[in-house]
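1. quick one, what's the 3D model for this:
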Amino acid sequence: MSNPKELTAEQKIIEDLAPKTRKGIMKKIMIHLLIILVVLCVVITLFLNLHPVFGEPPSKEQKEVYKKFDNYVDGKFVNQVPTNLDMSLSDNFSMMKESISGGIDRTPAGQISVSDINWNKINSEEDSLTWFGHSSFLLSIDNKKVLVDPMLGPIASPVSFAGSKRYTGDLLHIIDDMPPIDAVFITLRSSRR
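-> Residues are numbered from 1 along each chain as shown. So this is what the prediction gives:
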């Protein structure tokens, strides 16, 4: 019977090659992952800069219109009210704590009433913005209808089992009165309290 610690010549060669082979394989994997990551970054950057959905430089006509705005200065839009963007680390932590745990006065004491909906205005070609309570709006612009956050049920969420209660009550009954909608825009945000 041979000693279990004794290795055959083949086993010694395989044992000697194994770490080198593993290192080589890992190195190749890492190089391939790095190449994929670089290509992905280049593709995303090109997409964001060249795709028309993400905007394009304004035309000469648009620039002329922008010049008439009070908040368009030296070719840029600026805040009309000075805004301090210098925040300390403690300011950032306070803001994060408030957004996670919920701050004071973030939830109304009772139901908020919604104004009577002016269906004539909505159905007209006139530009308008109609609030359906909570975060739901219907934007009528250039004779197009854009429904923003259409959470009209008792829960202001795309799913009935999660989300906060609507502050304005259930508005599902208005769906039948809605004009044809050209686009629906759903925003993402945290509703933690």
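2. residues contacting the closest residue to Val148 other than its chain neighbours?
-> Closest residue to Val148 apart from its sequence neighbours, by C-beta to C-beta, 6 or more residues apart in numbering: Phe137 at 4.4 Å. Glycine gets a C-beta too; all of them are placed from N, C-alpha and C. Phe137 makes contact with Leu129, Thr130, Trp131, Leu147, Val148, Asp149, according to C-beta atoms under 8 Å, 6 or more residues apart in numbering.
3. quick one: which of the residues you listed sit in strands?
-> Among those, the residues falling in strands (DSSP state E) are Leu129, Thr130, Trp131, Leu147, Val148.
4. tell me the buried residues within the residues you listed.
-> Among these, those buried by neighbour count (16 or more other C-beta atoms under 10 Å) are Thr130, Leu147, Val148.
5. which one of these sits closest to Asp176?
-> Leu147 (14.2 Å; C-beta to C-beta).
6. the closest one contacts Ala183, correct?
-> Yes - with contact defined as C-beta atoms under 8 Å, Leu147 reaches Ala183; the gap is 7.4 Å.
7. for Leu85, helix, strand, or coil?
-> coil (DSSP: H, G, I helix; E, B strand; the rest coil).
8. residues near it, how many?
-> A count of nearby residues for Leu85, using other C-beta atoms under 10 Å, gives 5.
9. pull up the gap between it and Tyr72, please.
-> Separation of Leu85 from Tyr72 (C-beta to C-beta, to the nearest Å) stands at 20 Å.
10. which SSE is immediately downstream of the helix ranked longest in the chain?
-> The residue-count maximum for a helix in the chain (DSSP state H) belongs to helix 9-50. Counting by DSSP states H and E, the element after helix 9-50 in chain order, helix or strand, is helix 60-66.
11. just checking, what packs against the helix or strand that comes right after that next one?
-> Where DSSP H and E defines the elements, the next helix or strand beyond helix 60-66 is strand 72-73. For strand 72-73, not one helix or strand is in contact under the criterion 3 or more C-beta pairs under 8 Å, 6 or more residues apart in numbering; DSSP states H and E.
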